[in-house]
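Enquirer: Okay, sequence plus prediction incoming.
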Amino acid sequence: MRHKKGNKKLGKPTDQRIALLRSLSLALIEKGKIQTTDTRAKATQRYVERLVTFAKKGTLGSRRQALALLPNTTAVKLLFNTFAKQFKDRSGGYTRVIKIGERRGDSALISLLEWVE
């Protein structure tokens with residue numbers, strides 16, 4: 001059942017929210033860790049974990065689903081070639097969110113999102 005499986009709105013319209021999640025996911029895949037607000041980090045964590053799960057399946061259909069979520073071929077290749085092998089024995093929890101503190105300007109809670117291992 002899919003009851004109560006909605007997503008956080010992040011104070012943005014749908015197209016902007018999807019673009020934000022894609023760009024944060026791309027930055028995490030390329031750089032290894034990102035620093036953002038706590039709510040955005042948790043939403044990005046959920047998004048990236050779906051991508052890694054698709055990468056672990058390794059089928060053509062899962063590659064196409066990953067490309068639909070993250071339309072960047074180099075990042076998807078990196079996911080399928082490196083991260084799928086790195087997390088093949090792990091059944092979930094590929095990323096971690098570490099709370100850093102509050103931002104000085106507006107006291108927003110800042111977190112670090114990084115890969116496990």
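Expert: Looks like it came in fine.

Enquirer: three-state assignment of Val97?
Expert: Following DSSP: H, G, I helix; E, B strand; the rest coil, we place Val97 in the strand state.

Enquirer: State the distance from it to Gln45.
Expert: Counting by Cβ to Cβ, to the nearest Å, the gap from Val97 to Gln45 is 6 Å. Where C-beta positions appear, they are placed from N, C-alpha and C, glycine not excepted.

Enquirer: the strands in the chain, which residues?
Expert: Using DSSP state E, the strands of the chain run over 33-37, 95-102, 109-115.

Enquirer: so what's in contact with Val97 and Gln45 at the same time?
Expert: Leu113 (Cβ atoms under 8 Å, 6 or more residues apart in numbering).

Enquirer: Of the two, which one has the most company?
Expert: More crowded of Val97 and Gln45, by other Cβ atoms under 10 Å: Gln45, with 19 against 15.

Enquirer: Model confidence score at the residue nearest to that one when sequence neighbours are not counted, please.
Expert: Of all residues not flanking Gln45 in the chain, Thr95 sits nearest, at 5.0 Å (Cβ to Cβ, 6 or more residues apart in numbering). Per-residue confidence at Thr95 stands at 97 (pLDDT).

Enquirer: quick one: Thr95 and Leu112 touch, right?
Expert: No. Using Cβ atoms under 8 Å, Thr95 is not in contact with Leu112, being 10.3 Å away.

Enquirer: Mind checking which of those two has more residues around it?
Expert: Shown here are Thr95 and Leu112; by other Cβ under 10 Å, Thr95 has more neighbours (17 against 14).

Enquirer: now Lys9: how far from Arg17?
Expert: Taken as Cβ to Cβ, the span from Lys9 to Arg17 is 7 Å.

Enquirer: out of those two, which sits in the more crowded spot?
Expert: Arg17 (17 against 11).

Enquirer: contacting residues for the residue nearest to Gln45?
Expert: By Cβ under 8 Å, 6+ apart, Thr95 lies in contact with 28, 45, 48-49, 113-116.

Enquirer: Tell me what it is bridged to.
Expert: On the basis of DSSP bridges, Thr95 is bridged to Trp115.

Enquirer: distance of Lys8 from Thr53?
Expert: Using Cβ to Cβ, one gets 20 Å for the distance from Lys8 to Thr53.
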